[in-house]
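[1] the amino acid sequence is not available; the structure is as follows:
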């Protein structure tokens, strides 16, 4: 099976049971987004291309760890051989750090508001990055909203200013205020990601109550002027109830203003635990649409240096998959 088809099938499954040699050193836990609070995840890589899978002892899919990171996944009558990539801070090659592990918003797909997570201090974040220098070539910062959106922006800016001396590209993904792109750029950020999350304004209002769809479009467009093409991303979740036509429309609109769409397969949980993950066939259809739209807009996710487009573990990313 070709990598693209295999990865789509693995993403459609989403979960893996790990057997064989103890793999705990390769399993990282998420403190943000739909996967927060789970049993952790791992990155399975074949010839330099990776997929991130949640660890679940009840999963139908099995990964056999043979030791020293070498692993196989029996799938489709074949034995897929690869490695489990180390993820020093949540992501291979990047320090991907969540500042506030709590949120005042209540997005239906997200487990963070259900938890009483920590808020990391700036010194703690600096120490975390320092501990993995030599293993990373980028830093990515994300966050919930612990108090207010403005306070979270100030927290991110303070952390970025302390991280700039490390000399690595820094990406930031937070819920924005109107001035967020400008203040992040002034602080030394290289790339940004402001997440639309849903393909239509109606779904956005339903899934992300209290947030501003129009504001996100405004800051995305402004960000392209500040950071340049290939350096602004936006996650859009696949599987919230949108049609393929609605997803294609938002993909093409994002590309038309210079933003790289990241099509994130829904991980059912929190208020959407009864939803289904999107099928491999649908993920492949939408990948083809995304690839064409990116090409027509002159965008290349392989040029991204931070965050999801640079990692490509959770999504099908043209130019990397």
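    Great, that's in hand. Keep in mind the model is a prediction, meaning the values are calculated, not measured.
[2] going forward, measure contacts and count neighbours with C-alpha atoms only.
    Will do.
[3] what segments of the stretch 201-321 of the chain are strands?
    For the stretch 201-321 of the chain, the strands defined by DSSP state E, counting those that start in this stretch cover 232-238, 260-265.
[4] so which of these comes closest to residue 169?
    Among the strands of the stretch 201-321 of the chain, strand 232-238 comes nearest to residue 169, with 13.3 Å by Cα to Cα.
[5] that closest one packs against which elements?
    For strand 232-238, the packing partners by 3 or more Cα pairs under 8 Å, 6 or more residues apart in numbering; DSSP states H and E come out as strand 191-193, helix 213-227, strand 260-265.
[6] so after the lowest-mean-pLDDT helix or strand in the chain, what's the next helix or strand?
    The helix or strand of the chain with the poorest confidence is strand 90-91; it has a mean of 93 (mean pLDDT, DSSP states H and E). Note on strand 90-91: by DSSP states H and E, the next helix or strand toward the C-terminus is strand 94-98.
[7] can you tell me what sits against that next one?
    By Cα atoms under 8 Å, 6 or more residues apart in numbering, the residues outside strand 94-98 that reach it are 31-32, 87-90, 120, 125, 129, 132, 135-144, 306-307.
[8] follow-up on the earlier one: now the strands of the stretch 201-321 of the chain as a markdown table including mean pLDDT?
    Putting the strands of the stretch 201-321 of the chain into a markdown table (pLDDT from 0 to 100) gives the following:
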| stretch | mean pLDDT |
| --- | --- |
| strand 232-238 | 98 |
| strand 260-265 | 98 |
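[9] report pLDDT for the residue lying closest to residue 228 once chain neighbours are set aside.
    Nearest non-adjacent residue to residue 228, counting by Cα to Cα, 6 or more residues apart in numbering: residue 258, 7.9 Å away. If you check residue 258, the pLDDT there is 98.
[10] report how many residues lie close to residue 258.
    24 (other Cα atoms under 10 Å).
[11] thought it was touching residue 230?
    Yes. If you go by Cα atoms under 8 Å, residue 258 and residue 230 touch, sitting 7.2 Å apart.
[12] what sits in contact with each of those two?
    Applying Cα under 8 Å, 6+ apart, one finds that residue 258 and residue 230 are jointly contacted by residue 299.
[13] that's all I had, so thanks and see you.
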